[in-house]
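Colleague: Have a look at this fold, sequence not included:
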C-alpha cells in the first residue's frame with residue numbers, strides 16, 4: 001500500500017490585498033508536479049509526432065510498453081515493465097516449468113549477459129558460461145533489446161532448435177545450437193561423498209524448500225552416521241524470497257534470516273527461522289561462486305552470520321535488492337517489477353554490489369585463479385546503474401586467490417572446491433584445515449605490461 005503525505009498550504013490575508021504565503025515544501029511539491037505534467041505532455045507530443053511522421057507505421061502499444069520498460073530499467077538493472085505475456089512467463093518460471101534453454105540473463109549497456117546457466121538444461125550442457133554475452137538469436141541481433149524481448153526470442157515450444165551467437169572474453173564470437181526443452185529445474189540433487197552428505201540446490205522456485213527438506217531427510221535416513229553436509233549454491237541465480245527464508249530455516253534453530261529495508265529507514269521487515277534444525281547441529285559447509293546470486297546470497301549470508309556454516313569458494317554475485325512484482329489490473333496490463341528495498345544479513349551487512357565473501361577463498365581451476373588475478377569479474381557491481389553498496393563499501397578488486405588446484409590435479413574429472421569443502425568438514429573448521437600453497441597466479445600480467453608501455457603504474461593487489 002502506498003502512503004501519501006498531504007501537506008496543507010497556509011495563507012495569510014493582509015488588508016484589501018490578498019497575499020498567499022506557501023511553505024517551501026509545498027512550493028517544491030507544486031513545482032515538481034508541474035514539471036511532471038509538463039513532461040507527460042511532452043511524451044504525448046513525441047508519441048503523436050512519431051505516429052504521424054515515422055518512416056513506416058508504428059504500433060503505439062509497443063512504443064508505450066518500450067517507454068515504460070525504459071523508464072523502469074533506467075532506475076536499476078532489475079526493475080522493468082512486464083507485458084502480459086512476459087508476466088505470464090515469469091509466473092511459469094517461478095512455478096519451475098517452462099519451455100526454453102535454461103539461462104538466467106540480464107542486460108548490460110543494451111547487451112544480454114548471462115548470469116548463470118541452470119543445471120541439467122540445454123544451456124549448461126552446451127557450455128554456456130556466466131559472463132557470456134548473447135549477441136544474436138537465430139541470426140537476429142538482440143543488441144539494444146530489453147531482457148524481456150530477448151528472453152521471448154529464446155523461449156518457445158520444446159523440441160525446436162535455437163542458435164545463439166556468443167561473445168566471450170579471449171575468444172572470437174561463436175555460434176551454439178541448442179534445442180529447447182521443458183525446463184524443470186531439479187530442486188535438489190543429493191548424494192554421499194564418503195561420510196559426508198552433499199546437496200546441490202540449483203534455484204529457488206516454489207518447490208525449493210520442500211525438495212531440500214526431502215533430500216536431507218533421505219540422506220539422514222539412509223546414512224544415520226553422516227558426519228556433516230556440503231550445501232552447494234554455486235551458479236544458483238536465486239529466486240523467491242520466501243524460499244530463501246525456508247531453505248535457511250532448514251539449517252537454523254530460529255532467529256533472524258534476513259531483513260529488507262526500503263526508502264524510509266524505519267521501513268524494516270525482518271524474516272525469522274522457526275525453531276528446529278533438521279541436521280541437529282551437524283557441521284555444514286556452503287559452496288558459493290560468482291554465479292551465486294540473490295536468494296542464494298541471502299542463505300549463504302544468513303548461515304555465515306549465524307555461525308551455522310562456513311563458506312568455501314569465491315565471492316558471490318552481489319545482488320542485494322528486493323524486487324516487488326506489482327500486477328496492473330490484475331495482470332491484464334502486465335506488471336511492474338520494481339526494486340523496493342535492499343537485503344541485509346542478520347549482522348546488518350548489505351549484500352548489494354559487494355556480495356558474500358567466503359571464509360576460505362578457493363578458485364575452481366588454475367585458469368580461474370589467473371582470471372581473478374587479472375580482471376574484475378562480472379558481478380552486480382559491473383552495472384553502471386546498480387544501486388549503491390552499503391556505506392560506500394566496494395567489492396574486492398583483482399587479487400591472487402588464497403587457493404587453487406595444485407599441479408597434477410585433474411580439473412576435468414575433479415571438483416577442487418568440493419574437495420576443499422570436505423577437507424574443512426574433516427578438519428572441523430576453516431581455521432583448522434591445513435592450507436595449501438598460494439597459487440602461482442600473477443596479478444594483471446597483461447594489464448601491467450600495457451600500463452608500463454603507457455608509463456602508468458600497474459594495479460595494486462588488494463587483500
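Modeller: Arrived safely, thanks for sending. Please read all numbers here as calculations on a predicted model, not as lab measurements.
Colleague: from what I can see residue 344 touches residue 259, true?
Modeller: Yes: using C-beta atoms under 8 Å, residue 344 is in contact with residue 259, at 4.8 Å. Where you see a C-beta, it was placed from the backbone N, CA and C, and this is true even at glycine.
Colleague: Show me which of those two is the more surrounded one.
Modeller: residue 344 (23 against 17; other C-beta atoms under 10 Å).
Colleague: Give me the distance between that one and residue 302.
Modeller: Per C-beta to C-beta, to the nearest Å, residue 344 is found 10 Å from residue 302.
Colleague: who touches both of the two?
Modeller: Listed as contacting both residue 344 and residue 302 by C-beta atoms under 8 Å, 6 or more residues apart in numbering are residue 258.
Colleague: neighbours of residue 159, just the number please.
Modeller: Residue 159 has 10 nearby residues by other C-beta under 10 Å.
Colleague: Would you check how far apart it and residue 341 are?
Modeller: Applying C-beta to C-beta, the value for residue 159 to residue 341 is 41 Å.
Colleague: Also residue 161?
Modeller: 41 Å.
Colleague: cool, and residue 432?
Modeller: Distance from residue 432 to residue 341, by C-beta to C-beta: 38 Å.
Colleague: So the residue nearest the centre of the chain, which state does it fall into?
Modeller: For the chain, the residue nearest the mean C-alpha position is residue 293 (3.8 Å; C-alpha atoms, centre = their mean). At residue 293 the chain is in coil, as set by DSSP: H, G, I helix; E, B strand; the rest coil.
Colleague: quick one: contacts for the nearest residue to it once chain neighbours are set aside?
Modeller: Spatial nearest neighbour of residue 293, excluding adjacent residues (C-beta to C-beta, 6 or more residues apart in numbering): residue 317 at 3.7 Å. Going by C-beta under 8 Å, 6+ apart, residue 317 touches 115, 290-294, 297, 355, 379-380.
Colleague: Can you give me the distance of residue 317 to residue 248?
Modeller: 18 Å.
Colleague: what does residue 395 give?
Modeller: According to C-beta to C-beta, residue 395 and residue 248 sit 23 Å apart.
Colleague: With residue 316 instead?
Modeller: For residue 316, the distance to residue 248 - C-beta to C-beta - is 15 Å.
Colleague: When the two are compared, which one has more neighbours?
Modeller: residue 316 (30 against 27).
Colleague: Surely that one is in contact with residue 353?
Modeller: No: the criterion here is C-beta under 8 Å, and residue 316 misses it with residue 353 at 11.1 Å.
Colleague: remind me which residues of the stretch 1-150 of the chain are low pLDDT?
Modeller: 1-30, 93-97 (pLDDT under 70).
Colleague: So which residues of it form strands?
Modeller: Remark: strands assigned in the stretch 1-150 of the chain by DSSP state E, counting those that start in this stretch are 12-13, 18-19, 80-82, 98-100, 103-108, 111-117, 133-137, 140-141.
Colleague: What strands line up against the last one, and which way round?
Modeller: Okay, so that is strand 140-141. The pairing partners recorded for strand 140-141 under DSSP bridges are strand 133-137 (antiparallel).
Colleague: What residues sit buried inside the partner strand?
Modeller: By 16 or more other C-beta atoms under 10 Å, the buried positions in strand 133-137 come out as 133-134, 136-137.
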